[in-house]
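Enquirer: missing the sequence, but the structure's below:
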């Protein structure tokens, strides 16, 4: 667990994971830590990470003191998510929390965490993050598909 992040959020997302075979698009490997995660600084950021490897979840939440969940895209039992991931655009077959992503607010600090599923024991492992303060780009708005 990453120090300083609320255990409730980790428990919520962790409880959604189940044991699986860990397979995904071969021969693309599952990501390992440390992973360099970057995101554009807009209210609809595009998240990417080095290596083009696979992850289980991308989580966007406010920084301290609130840690409010804005959006999470995840799979129950595998690591099929490849970069890039656009905020609010659900990768095929993924689940999300909340049902409708919260609109990111310009000037608010957000943390983007990326994790992988350890399918041998049904847990997940934090592998990287980025911190952004989005600004409003003309014409930039959250489009929910």
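Expert: Looks like it arrived, so ask away. What you see is a predicted model; the values in this text were computed from it and never measured.
Enquirer: residues in contact with residue 79?
Expert: By CB atoms under 8 Å, 6 or more residues apart in numbering, the contact set of residue 79 is 22, 24, 30, 31, 54, 55, 56, 116, 117, 119. Using the backbone N, CA and C atoms, a C-beta is placed for each residue, glycine as well.
Enquirer: export these to a markdown table and tack on neighbour count, distance to residue 103 and secondary structure?
Expert: Shown next, in a markdown table, are the contacts of residue 79 (neighbours: other CB atoms under 10 Å; distance: CB to CB, whole Å; DSSP: H, G, I helix; E, B strand; the rest coil):
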| residue | neighbour count | distance to residue 103 | secondary structure |
| --- | --- | --- | --- |
| 22 | 16 | 34 | coil |
| 24 | 19 | 31 | coil |
| 30 | 20 | 32 | strand |
| 31 | 26 | 28 | coil |
| 54 | 22 | 28 | strand |
| 55 | 29 | 24 | strand |
| 56 | 31 | 25 | coil |
| 116 | 25 | 28 | strand |
| 117 | 29 | 28 | strand |
| 119 | 20 | 34 | coil |
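Enquirer: and the two most separated of those?
Expert: Greatest spatial distance among the contacts of residue 79 (CB to CB): 31 and 119, at 13.7 Å.
Enquirer: Quick check, pLDDT for the residue nearest the centre of the chain.
Expert: The chain has residue 58 as the residue nearest its centroid, 0.9 Å off, counting by CA atoms, centre = their mean. On pLDDT, residue 58 comes in at 98.
Enquirer: hmm, who's touching whichever strand or helix holds it?
Expert: Element membership for residue 58, per DSSP states H and E: strand 57-62. Contact with strand 57-62 is made by 9, 13, 45, 47, 67-75, 81, 85, 87, 104, 108-115, 117, 124, as judged by CB under 8 Å, 6+ apart.
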